[in-house]
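Peer 1: here are the coordinates; sequence isn't available:
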């Protein structure tokens with residue numbers, strides 16, 4: 001869960017990681033993905049920004065209810 005509020009911040013994923021689920025729920029957060037993210041049970045970007053720049057998004061469904069910036073990478 002990424003949900004801290006306050007000043008804008010970026011959480012960078014630049015390695016390959018499997019996780020059970022994902023929730024981004026802060027208008028101040030940016031999740032920057034440059035590695036492979038495998039979601040076992042899906043995830044939600046409820047608030048904030050999801051930047052997909054490289055790597056692979058695999059596994060369950062990712063629901064985007066906010067902003068997604070797709071600069072590269074593969075959805076499997």
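Peer 2: That came through fine. A quick note: this is a predicted structure, and the numbers were derived from the prediction, not measured.
Peer 1: show me the strands in the protein, by range?
Peer 2: Taking DSSP state E to define them, one finds strands in the chain at 9-13, 17-19, 22-33, 37-39, 43-52, 56-59, 62-64, 67-70, 74-75.
Peer 1: nearest to residue 3, out of the ones you listed?
Peer 2: Nearest to residue 3, of all the strands of the chain, is strand 22-33, at 4.5 Å by CB to CB. In this view, the C-beta of every residue, glycine as well, is placed from N, C-alpha and C.
Peer 1: I'd like to know which elements the closest one is packed against.
Peer 2: strand 9-13, strand 43-52 (3 or more CB pairs under 8 Å, 6 or more residues apart in numbering; DSSP states H and E).
Peer 1: what's the most buried one of the ones you listed?
Peer 2: Comparing the helices and strands packed on strand 22-33 by mean neighbour count (mean count of other CB atoms under 10 Å), strand 43-52 comes out on top with a mean of 20.
Peer 1: ok so, going back, let's have the helices and strands packed on strand 22-33 in CSV, adding distance to residue 31 and mean pLDDT.
Peer 2: Below are those laid out as CSV (distance: least, CB to CB, whole Å; pLDDT from 0 to 100):
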stretch, distance to residue 31, mean pLDDT
strand 9-13, 5, 97
strand 43-52, 5, 97
